[in-house]
Structures are given as C-alpha cells and as structure tokens.
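Asker: Got a predicted structure here, sequence first:
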Amino acid sequence: MKKHYAISYVIILLLLHSVLAAAAPLRAPASPLDGLWKGPLKVPGGQWEVVFRVVPLTGGSYFATLDVPIQRVSGISVAVEVQGDSVSFVAEQVGSRFTGQLSASGQQVQGTWRQNGFKTPLTLQLVPASAVAGAKTRLTPLIRKKK
C-alpha cells in the first residue's frame, strides 16, 4: 500500500513538472538595439556626444529618445526603423536622421548623420548595461507649494 502511494506521488510530481515546464513563457531573444547608444558627432568647431536610448516594444517595434548633453537637449522622440542589419533613427522634431549598419557583434552601428543639409559619419557604440546601472542618477525632489 505504501509503495502504491509513493509511485503515485512520483507520477504526480512528474506530471506537475511537465505541465509547469510547458506553461512557462518562452523567453524572447534579446533585442539587438535594446540599450544606450553613444557616439561622437563631428560638427564644425568640435564634436558633440549624441545618445540614443532605445527600448524594445511588443511586436518588434522600438521606443527611442535622443539626447545631446552639450546642447542641453534631452528626450527628443525618435522613430526607429530596422530592416535586417540596417538601422535608422529619425528625429523629425529637429530634422535629423542617422542611418547605419549594425555590426555582426551587435555592439556598434556605423553610418551617416544628416541634418538640414549637414552630413557626417557617425559611429554609435552600445554602452554596457553595467556601466548604465552604475551611473549615478541625480534625482530632483518634487517641491510643492501650499496654497
């Protein structure tokens, strides 16, 4: 009798394990553009660092923003277009477009920046997640005035 319970117990555990394993969601492969992309934009008289923050959305599309810290520009909406290894970042608000090729390693996008007739090569590097996580974020406290 005890042997019967032990065998039943093992069978139930195996069935439960099989059901849970089948029900577990499959992990989607990491998105190739997910992350922070930085590069030096050469302009007359020097260079500016440009930063694209890219977040994958469901359905294969992306949400992205453009920051140019030296110009105190941040959070400009960017449309992302991907076809194979070709990538385009389009910021209509400022009339700019970056078009490039994603490297085989997925760590670099090499291409061309265009804005209002200006055209220059630009290489973006993927910033490692550990560097982004380790960066200090300055939080500004919310100040409320009493009426």
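Answerer: Good, I have the coordinates. Numbering: from 1, shown residues only.

Asker: Do a quick rundown of the helices in the chain.
Answerer: Using DSSP state H, the helices of the chain run over 2-23, 129-134.

Asker: Comparing those by mean pLDDT, which bottoms out?
Answerer: With a mean of 49, helix 2-23 has the lowest mean pLDDT of those.

Asker: what about the strands in this protein?
Answerer: Along the chain, counting by DSSP state E, strands occupy 35-43, 46-56, 62-68, 73-83, 86-91, 96-102, 108-115, 118-127.

Asker: what's the burial count for Ala109?
Answerer: Careful, residue 109 is Val; it's not Ala. Per other Cβ atoms under 10 Å, the neighbour tally for Val109 reads 26. For the C-beta atoms, the positions are set from N, CA and C on the backbone; glycine is no exception.

Asker: For it, give the beta-bridge partners.
Answerer: Leu102, Leu124 (DSSP bridges).

Asker: residues contacting it?
Answerer: Residues in contact with Val109 (Cβ atoms under 8 Å, 6 or more residues apart in numbering) are Trp37, Val87, Phe98, Gly100, Gln101, Leu102, Ser103, Thr123, Leu124.
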